[in-house]
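**Q** any chance you can model this:
(chains A, B, C and D, ligands or ions: 4)
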Amino acid sequence: MAEVVKRDIDPARYDKDFLLRLYREMVKQRAFDENLIRLLHEGKVSGFYHSGIGQEATGAGTCASLRDDDYILYDHRGCNQMIAKGVPLDKIYGDFMGRLCGTTCGLGAGIVHVAYPEKGVLGQSGTLGACFVIAAGAGYAVKVKKTDQVCVCYFGDGTAARETFHGGMNWAGLYNLPIVFYCENNEYGISTHYTKAHALKNNIADRADGYGIPGYVIDGNDVLLVYEVAKEAIERARSGGGPSFIEGKTFRYRGHFEGDPALYRDQAVVEEWMEKRDAIKNYRARLIAAGAAAEEDFAAVDAEVEKEILDAIAAAEASPMPECTRIYEGLFVEGVV
Amino acid sequence: MAEVVKRDIDPARYDKDFLLRLYREMVKQRAFDENLIRLLHEGKVSGFYHSGIGQEATGAGTCASLRDDDYILYDHRGCNQMIAKGVPLDKIYGDFMGRLCGTTCGLGAGIVHVAYPEKGVLGQSGTLGACFVIAAGAGYAVKVKKTDQVCVCYFGDGTAARETFHGGMNWAGLYNLPIVFYCENNEYGISTHYTKAHALKNNIADRADGYGIPGYVIDGNDVLLVYEVAKEAIERARSGGGPSFIEGKTFRYRGHFEGDPALYRDQAVVEEWMEKRDAIKNYRARLIAAGAAAEEDFAAVDAEVEKEILDAIAAAEASPMPECTRIYEGLFVEGVV
Amino acid sequence: MKTISYMQAINEALLEEMERDGSSVYFGEDVATMSGAFGATAGLLDRFGPDRVFDTPIAEATIAGAALGMALAGLTPITEFSFADFVGIAFDEIYNKLGKWNWMHGCCFKIPVTIRLPVGVMAGAGPEHSQSPQALFMHSQGLKVVVPSNAYDAKGLLKTAIRDPNPVLYFEHKVLYGMPGEVPEEEYTIPFGQAEVKREGSDVTIIATSLQVHTALAAAGMLAGEGIEAEVIDPRTLIPLDKETILASVRKTGRVVITHEEQKTGGTGAELAAILAEEAFFDLAAPIKRVGSADTPIPQSIFLEQEFKPNEEKLMSAVREVMQY
Amino acid sequence: MKTISYMQAINEALLEEMERDGSSVYFGEDVATMSGAFGATAGLLDRFGPDRVFDTPIAEATIAGAALGMALAGLTPITEFSFADFVGIAFDEIYNKLGKWNWMHGCCFKIPVTIRLPVGVMAGAGPEHSQSPQALFMHSQGLKVVVPSNAYDAKGLLKTAIRDPNPVLYFEHKVLYGMPGEVPEEEYTIPFGQAEVKREGSDVTIIATSLQVHTALAAAGMLAGEGIEAEVIDPRTLIPLDKETILASVRKTGRVVITHEEQKTGGTGAELAAILAEEAFFDLAAPIKRVGSADTPIPQSIFLEQEFKPNEEKLMSAVREVMQY
Ligand SMILES: Cc1ncc(C[n+]2csc(CCOP(=O)(O)OP(=O)(O)O)c2C)c(N)n1
Ligand SMILES: Cc1ncc(C[n+]2csc(CCOP(=O)(O)OP(=O)(O)O)c2C)c(N)n1
Ligand SMILES: [Mg+2]
Ligand SMILES: [Mg+2]
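**A** Numbers count the residues shown, from 1 in each chain, chains lettered A, B, ... in the order given. Ligands and ions are numbered 1, 2, ... in the order given. Got it, this is the predicted structure:
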C-alpha cells in the first residue's frame, strides 16, 4: 500500500525567495488560465479548453526541483505544468490563438500539442494515457545516455485507467528508470468520480506497490508538501534509485472543458474546495501566519505577474497568423540522423 | 500482497472417484499432447504448437469446479484447459488436422481458435492478452443476465505484461464480476524469464491487491491445491463475491513451440521440474502413499485414456477435409438478433 | 413525418432498440450520468437502469474487448467512443477480435456489437479529436461500416446496426448532430448495402459520404447554374457496399468525382476509385477525381482546419475538370 | 558481391547501423537472448551490450510508445514486433503518436524510429500471425512504409530506414527470410521513393510488392511463353511512392495488374489503382485488375491458406484478361 504522507511543514524552514517563487508560479498559472478563459469568451481563442484552475500546486511544487534538461509529459489540464517548466507564456498564448509565435508555428495547439524541447517539454498526446509509455521511453533514453536527467509524467485520475498505465509502470520498475509518475487526482474524469472508474484498495497510488514502485498519497493542494515529496522522488530518480508514484489529491474548480456546466458534481463540494482548500489562498495564509512573508510581498508578485501575462498576450496578438500553406510544411523531416 | 497458500492436503479427505477423475483429466491432457506431437512429427498436423506438457494441474484442478455453462478463455498453451472443460477430443484433433469435424468446420485451428459454446469455451485470441478484456465482458454479461455463471481467464506469466491486464482487472474489480484470473506462471515467456519481464514486489499476483482483488500464489503443479484454491475462488464468484486472482507456479517441459530448442533455459532446471515436481507423477505417488488409490487404478485409467485418444485421432482422420470454398463461408452471420 | 436533429434521431434509435431488445446494454465513457460527450444517450440510464446503462473507465481497448465478451455471453452490446479517433487504442480489439472472432472460431457465434464513433473536423478539436478513420476499416474483414449523412439515415441505419448479428462500426459526423431532418413517426429501419441517390443528374456522378454529402449537394446546386447536372450518391454503408447503384450512375454519366472528409491518400475513395477502374472502365469518359482532405494530420487552428478539409469550391473545380473531357 | 539470405541482409544492416550510430538501441520481445522470433538479431546483444539491446515485456503498445519517448529524448530506436499483425495492439502509438507527433507539435523533433514488422502467410500460422497489414498505413500521415522483396533491397532499405529522421515501418515477408540474394561487399543504402523495374516488358505492367514480386516474376516468365511481355515493377517503398516509374511504365504498356498478398479490398492496390485512374486514365487501354488475397480472415489450415493467397495462376489469368482489350 502507498504511504499516505502527512507533514506539518514549517514554512520558516525555507528561504523567503524560494517561498515566494512557489507563490509566483501558482499565481502565474492561475492568472494565465483566467486570462485564457477571458480570451475564449472574447472569441480570440477557439477549441476546447481544460482549465487547470485549482490545481496549481502540482506544477509549482514539482517543477521547483526540475532542471531545464529534465523531461516532462504534462497532462491535458497541464498549462500549469508547462508554465512551471518554463515554456514562455507568449508562445503558449500564441498556440491557443494559432499565431506564428506559438511553439507549433501557427498550426495551433490547445492545451495539448505544445512542445518545447529547450525546457524538456516533450509534448502531449491527445489520446490520454500515451504519456505512460512515452515516459518509459524517455526514461530509458536517460539510462542509455547515462545522464542524470529525470522525467515527470503527469496524468489525471481518469487517465490512470488506460491500459498503457500497466505497460509504462512495468517498464519503469523493471528497468529502474528515472521517472516520477504524478497522478493529479481531482476526483473526476469528466463526469465520472474516480471511485466509479477504479477498483481500488484505497488509493490509486496503491497500484504502485505491485510493481515494486514506492507510492505516496498527498494533499496535492499543499504546495510545500508537493514540493518535498516530489523533491525526494526526483532526487531518488536522479541518483539511480528508480521510479516513484505520487498521487496528489486536488480538485478542478471549473467544468471539464470551458462550457461544461458540470451538473454531475455537487456544487457544495466545489465551493468547499474553493473556500477551504484552495492552494494559493491557504499558502498565503500560512506564510503570513508563520511570518514568512507579508501581504505586500504577495501584492508585489501579483502585480508583476499580471504585467507579465498581459505582455505575453499582447506579444501573441501581435504575432501574425500563418499562411494557409502552413499545413503542407514539415510532415517529414529532411536529411539523416 | 497476495497470500502464498501452502496446504498439506490429505487426499483421503476426498472420494476415490473424484481423486481418479483429477488423475484421468491430467493423463488425458498429457496423452493428448504427446500424441499431437507425434502427429506433428508424422506430418499430419502443421502449424505452430505450444505444448502444455507439465502444466496439466491447471485445467484439471480448476475445471473440476466448473459447470458446462461456465465460461473459460483458455490460453495458447491451453489444450489442457479446453479438454478439462469438455471439448471433445476428436474435434480438437480435427481442428489441428484441418478436418470438417473440428470446431472450426475445416478452417483449422492451432491451439488458438477452438471454440465450443456448448461447454462455455469462448475461443482464444491470437494476440495475447485480449483474454483479460473479453473475460471482463463475459463477466459483465453474467451480471446483467443475473445467472450464477463464472468465467475463468487463463494466461501465462508473459501475457500478464500486456496493457489489457490493467483494463480487465479494473473492470472485474469495479463491477464485482464473477471472474477468476488464473496465471500459469511457468517462469518463461518464450525465452524471457518472468523476472526479466516484470517489475514485481514478489509475485505477479501481488498486483491484484491494487485493484482490491484477492490474490493467491500456489504450487500450480499440486492439483489438489489448485482444485481447492480455485474452488473457493469460483464459489466466491458464483455467489456474488467478485473476482479473484490465482498465480499457479508451474513449468513447461518443452520448448516454447515444437521445434524450439529452448537453449535459453538451464537444462538442469528443466530436469529438476520433470523429476521432482511433475504434477502427475507426484499426484500418483501421493495417492498411493495415502492409500487413496493403487497402481492398478492408475493403470486402468491410463489404458482407458489411451483408447479414448486413439479413437479420437481415428475419428478425426476419418473426417473429410473441407472444400477450398470453405473460406468464403460464414464471414457474416445472416438475419437479425 | 416529424422534424428532429441527427442527434435526436440517434437517441430515438437507441431508446427504441434498447426497449425492443432486453439483452442490450449501453456503456462507454460518461454515457450514463452525463449522456455522452455530445448528449446522444440522454434518457437511457433512467429508462434501463444502471446495469444496462453504465459509465466505464477511460480504457477503450477494454471497452471494445468487453463488448466482444458480452456478445459471446449472449448480450447485445452497444457502445461508443467519445471520438472516433480512439479506434487506434482499441484497434486490435476491433479489427482483429470483433471483426474476425466469429469466422476464425468456425462461425458458431453471433457478435451483435454496435460501436458509435463520432468523426470529423469541428471547432478546432485538433489532430486527435477530428479524424474520420473509417477508411482504415475498408480493409477489415467481418465488420460492417455505416456512415449516415442525415437524421433519417442515422435513425434507420442505427436500428439496423443494433439488430445486426455482426459487429457494426457506426461513424457519425459531429457537425451533423444539430442538423434537422424529417423522420417518420412510425418505426422503420434501413437495410445495409443500399446506396441512396441524394440528387439525380446526368452529367457527372459525385460519390459522397457523411458530411460531404451536404457539400456535394450544395456544390451540385451551384453547378446546375453552370449547366452541369451532378448526380449525388451516398453509399450510406461502406461495408456492405452497394456497387450496383454506383455502377449504374456511372454508366449514365461517364464521369466520377469522389469526395470524403478523410485524407485523400488511402481514403475510402481509393477503394471506390479502384472498383470503378476495374468494373466501369469502359463507361468512363474522363479520369476519376478524388477530393479528400490534405494528406497531413489535422491542424488545431480553426483557420487552418478549413484549408485542410474539402469544400464546395474544391469539389466544384474537380467536377469542372472532369467535365472538360 | 556476395550471396546472403534476406534474413542475413537484415542482420547485417542492423549490425552496421548500430555500429555507426552510437545512440541506436534495439529492443523487443525475445530479441536479445534469443535473437528474435526468426533470428534476425543474432549478435546484437554481444556486440552492443544489454543497455542498447534488450528484451522487453510482451506489451507492444508500450514498445511503440517507448520508441517515441526514446526518440524525443535523443536516441535512435529500432524495434520489432514478432508479427506485423500486432500493429493492432500499438495502433494508436504508431498511427497517431509516431506518425503525427512531430508535425502536431510544430515540427521541432526528429523521430528516427524504425519498426521491423514480419508479414505474410507461412506454414499455417493462422489469422492473427499471417497478415500483411501495410495497407492500413497507406492512409497514415508522417510514417514511411517499406516493403523489401529481396536481400539487396532488404539491406539497403533497412539502413536507410534507420538513418531516416522519420518513423519508418519496415514490412518484411517471412517466406523471404531464407531466400538468397546478391549483396555488395561494400556499404550501400537505397533511397526511399525509388521503385525498381524488376523485369522489363512492353505489354502489361504488373505492380507487385513483397513476396508477390516473386510470384509476378514467375508469372511473367510463363507469360512470355504465351507471347505476353510483362513489366514487373516493385515500388519498394509505399510511402514515399515513386509514381513516376509506375506512370512511365503504364504509358508504355497501357495495361496494369496490381498484386499484393493482403486482402484485395482496401489493400495497397486500392490506392495504386486510384492514382492510375486519376493520372493515367488516357494511357490505359484496359480496366485495371487487382489480384489480392480473399476478403476473409486467414485460415489456419495450410491447405486453405493456399486458396486464400494470390498465386501465379490467379495472376496470369488476370494478365490474360487485361490483354484481351
Ligand atoms: C484515450 C482517450 N479517451 C478519452 C478521451 C476524452 N477525454 C479527454 S479528458 C478526459 C477526462 C480525463 O480525466 P482525468 O484523467 O481525471 O483528468 P482531468 O480531466 O480530471 O484533469 C476524457 C475522458 C481522450 N482524450 N483520450
Ligand atoms: C500480443 C502478442 N505478442 C506476442 C505474441 C507472441 N507470443 C506467443 S506466445 C508468447 C509467450 C507467452 O508467454 P506466457 O504468457 O508466459 O505463456 P507461455 O508461452 O509461457 O505459456 C509470445 C510472446 C503474441 N501471440 N501476441
Ligand atoms: Mg480527473
Ligand atoms: Mg510463461
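
**Q** for residue C:129, which non-adjacent residue is closest in space?
**A** Spatially, and ignoring its direct neighbours in sequence, residue C:129 is nearest to residue C:83 (4.8 Å; Cβ to Cβ, 6 or more residues apart in numbering or on different chains). C-beta coordinates here come from the backbone N, C-alpha and C atoms, glycine included.

**Q** just want the most central residue of chain C.
**A** Closest to where the C-alpha atoms of chain C average out (Cα atoms, centre = their mean) is residue C:147, at 1.8 Å.

**Q** just the buried positions in stretch A:201-215, please.
**A** Under the neighbour-count criterion of 16 or more other Cβ atoms under 10 Å in any protein chain shown, stretch A:201-215 has A:201, A:203-215 buried.

**Q** and which of the residues you listed is nearest chain C?
**A** The closest of the buried residues of stretch A:201-215 to chain C turns out to be residue A:204 (Cβ to the nearest Cβ; 11.6 Å).

**Q** measure that closest one to ligand 4 for me?
**A** To ligand 4, residue A:204 is 29 Å away according to Cβ to the ion, to the nearest Å.

**Q** I figured that residue hits residue A:158, correct?
**A** No: taking Cβ atoms under 8 Å as the definition, residue A:204 is not a contact partner of residue A:158, at 10.3 Å.

**Q** what touches both of these two?
**A** residue A:194 (Cβ atoms under 8 Å, 6 or more residues apart in numbering or on different chains).

**Q** roughly how far apart are the residue nearest to the centre of chain C and residue D:37?
**A** Relative to residue D:37, residue C:147 is positioned 38 Å away (Cβ to Cβ, to the nearest Å).

**Q** tell me how many other residues surround residue C:119.
**A** 25 (other Cβ atoms under 10 Å in any protein chain shown).

**Q** where exactly do the helices run in chain A?
**A** A:16-41, A:56-63, A:79-85, A:89-97, A:130-145, A:164-174, A:223-238, A:267-276, A:279-289, A:295-318 (DSSP state H).

**Q** what angle separates the second one from helix A:223-238?
**A** Following axes from the mean of the first three to the mean of the last three Cα atoms, to 10 degrees, one obtains 40 degrees for the angle between helix A:56-63 and helix A:223-238.

**Q** which pLDDT value belongs to residue A:47?
**A** What the model reports as pLDDT for residue A:47 is 84.

**Q** ok, now residue C:39?
**A** In this model, residue C:39 carries a pLDDT of 84.

**Q** cool, and residue C:80?
**A** According to the prediction, residue C:80 has pLDDT 98.

**Q** got the contact list for the residue lying closest to it once chain neighbours are set aside?
**A** Nearest residue to residue C:80 in three dimensions, chain neighbours excluded: residue C:116, at 3.7 Å (Cβ to Cβ, 6+ apart). Contacts for residue C:116 (Cβ under 8 Å, 6+ apart) come out as C:10, C:40, C:78-81, C:158, C:170, C:172.

**Q** in helices only, show me those.
**A** Per DSSP H, the contacts of residue C:116 map to helices at C:10, C:158.

**Q** of the contacts of residue C:116, closest to chain A?
**A** Distances from chain A to the contacts of residue C:116, taken by Cβ to the nearest Cβ, are shortest for residue C:81, at 10.1 Å.

**Q** so how far is residue D:110 from residue A:247?
**A** The value you get for residue A:247 to residue D:110, if Cβ to Cβ is used, is 34 Å.

**Q** who's in contact with the most centrally placed residue in chain A?
**A** By Cα atoms, centre = their mean, the mean C-alpha position of chain A lies nearest to residue A:81, the distance being 3.1 Å. By Cβ under 8 Å, 6+ apart, the contact list for residue A:81 reads A:58-59, A:62-63, A:72, A:74-75, A:154.

**Q** burial count for residue 12?
**A** No chain in the question, so chain A it is. 12.

**Q** nope, chain C
**A** Using other Cβ under 10 Å as the criterion, residue C:12 is surrounded by 20 other residues.
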